[in-house]
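In: Here is the input, now give the coordinates:
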Amino acid sequence: MRGASLALLAGALLSACAVGPDYQRPKIESPGEWRIDYPKAAEVANTKWWQQFGDPALNQLIETALRENLDIQAAAARVDQFLGVLSTTRSQFFPQLGYSGEASRNRASQVAPTAVPAGVNPSYSLYQAALNASWQIDLFGRVRRQSEAAQAQVYASEQGRRGVILSIVTTTATSYIALRALDRQLEIARGTARNYADTKELFQLRFKGGVVSEVELAQIESQYQLALATIPALEQSIAAQENLISVLLGRNPGAIPRGKSIDELVPPAIPAGLPSELLERRPDILQAEQNLVAVNANIGVAKSLYFPSISLTGLFGSLSTAAGDFLTGPARTWTVAADLAGPIFTFGGISGQVRTAEAAQLEAMLFYRSTILNAFRDTNDALVGSMKKREEFEAQARRVRALRDYARLSRLRFDNGVSSYVEVLVAENDLFSAELTAVSTQADRYSQLINVYKAMGGGWVDASDPLAAAKK
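Out: Next up is the predicted model:
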């Protein structure tokens, strides 16, 4: 008994050792600053930035998406799966206890080599019950490495869930902005079509009076039909956008409530932060690192196969052919055993597993580095895009104002007989196109601002987490 205790103590101490490399974060060279330098506003990145648009309808849509989106719920289920794997893996650290029992009626052969003697009843009952225990001592850290890998997979799945939250929030906001832009374009198209219809009626009267030619009447007809042709395409795009948002909300396609117009929305502030901070808050980077931790631990799991495994087993119970003797001392039975098993020649079986694990670790490390580089690129693109889209929108707005003056003055010239209607036609068509383009550019500007928050991550993901977890 003393020897068994010493063996258990030695096994427990040695289990603290584990073969294989310990994880060390790869060194990453971060850019010192972004290509676009914004004033520091780091605290903005940790708030629910979509509320800065000032649209209660948008706020409600995002809250609904966080609670009802099916992708978020599926991501939460994946976390639970890995938690189950972790619990199963960690259970190997401890002895496994069990029990068994059996009652049977049997008949022995009377003609077998070990036949029942003549005169002895060949039929008999057998009663048995036992408690059993087994423990595989983690002498070389196999279970420890497996547990390390399972824990990293839990962390990785959690970061994957945070990444889904990030994507759903930003996609919902971007889709709503696009919907409001389409609504505004539809208003412009319908308003323009009404104006052209009024002009067409006026020209028809002038044509009957011989004031304008049939050519000019055909020109205004063409202009009117151009505006009408724009409306169905915009209505189709609006329906498709509503269907997209409905899916994000976890519901069947249908109408989406509106709030403020796109012109009434307030652009959110630009968050700021050092490039190195992305390593600590972007879910995809954190997920890639935890996957690297897991495959790094798997190298140790593979290398542990080179070493022997030691298992301790025990059984204590009772075995009797008579129910009355079942719990008496003579019926007692017990077994204590130690098992040692290890490889001698595997002809590359274990080395192949080690090589596979090391290659997987290299692949995961390269993917981790690639994820970081892409994160820096995404953030730079979003920051540059937000600034340039603002400049583009401001230029488009100035162009619209100029074209409105151009269209107004051209119509005055036509009404005064100074110029033909061709000049008015060109000016109004250019204005119509410019107004539609300006709305698209405004939506792109807001989308680029949303992309900045998506690229930089931040504490707002954690601020959104309670809403997503409420459905879990």
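In: Please settle this for me: is Arg105 part of a strand?
Out: Yes. Secondary structure of Arg105, determined by DSSP: H, G, I helix; E, B strand; the rest coil: located in a strand.
In: isn't it right up against Ser123?
Out: Yes. Arg105 lies in contact with Ser123 (Cβ atoms under 8 Å); the separation is 7.1 Å. In short, each C-beta sits where N, CA and C put it, glycine included.
In: The host helix or strand of Asp198: how far from the chain's middle?
Out: Under the criterion of DSSP states H and E, Asp198 resides in helix 142-208. Relative to the chain's own centre, helix 142-208 is displaced by 18 Å; criterion: Cα atoms, centre = their mean, to the nearest Å.
In: Name the residues of the lengthiest strand in the chain that are buried.
Out: Counting by DSSP state E, the longest strand found in the chain is strand 123-137. Judged by neighbour count using 16 or more other Cβ atoms under 10 Å, the buried positions of strand 123-137 are Tyr127, Gln128, Ala129, Ala130, Trp135, Gln136, Ile137.
In: Also stretch 401-419?
Out: Leu403, Tyr406, Ala407, Ser410, Arg411, Phe414.
In: just the CA coordinates of it, formatted as PDB?
Out: Taking C-alpha atoms only, stretch 401-419 is exported to PDB below (Å, rounded to 0.1, in the frame of the first residue of the first chain):
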ATOM      1  CA  ARG A 401     -25.900  72.700 -56.600                       C
ATOM      2  CA  ALA A 402     -24.100  73.900 -59.800                       C
ATOM      3  CA  LEU A 403     -26.300  71.700 -62.000                       C
ATOM      4  CA  ARG A 404     -29.400  73.000 -60.300                       C
ATOM      5  CA  ASP A 405     -28.400  76.500 -61.200                       C
ATOM      6  CA  TYR A 406     -27.500  75.300 -64.700                       C
ATOM      7  CA  ALA A 407     -30.900  73.700 -65.200                       C
ATOM      8  CA  ARG A 408     -32.800  76.700 -63.800                       C
ATOM      9  CA  LEU A 409     -30.900  79.100 -66.100                       C
ATOM     10  CA  SER A 410     -31.200  76.900 -69.100                       C
ATOM     11  CA  ARG A 411     -35.000  76.700 -68.700                       C
ATOM     12  CA  LEU A 412     -35.100  80.600 -68.400                       C
ATOM     13  CA  ARG A 413     -33.100  80.800 -71.600                       C
ATOM     14  CA  PHE A 414     -35.500  78.400 -73.300                       C
ATOM     15  CA  ASP A 415     -38.600  80.200 -72.000                       C
ATOM     16  CA  ASN A 416     -37.200  83.500 -73.300                       C
ATOM     17  CA  GLY A 417     -36.400  81.900 -76.700                       C
ATOM     18  CA  VAL A 418     -32.700  82.300 -76.400                       C
ATOM     19  CA  SER A 419     -31.800  78.600 -76.700                       C
END
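In: ok, residues contacting that stretch?
Out: For stretch 401-419, the surrounding residues in contact (Cβ atoms under 8 Å, 6 or more residues apart in numbering) are Ser420, Tyr421, Glu423, Val424, Val426, Ala427, Glu428, Asp430, Leu431, Ala434.
In: Please enumerate the helices of the chain.
Out: Using DSSP state H, the helices of the chain run over 2-14, 56-68, 70-90, 142-208, 214-248, 278-281, 283-303, 349-415, 421-456, 460-469.
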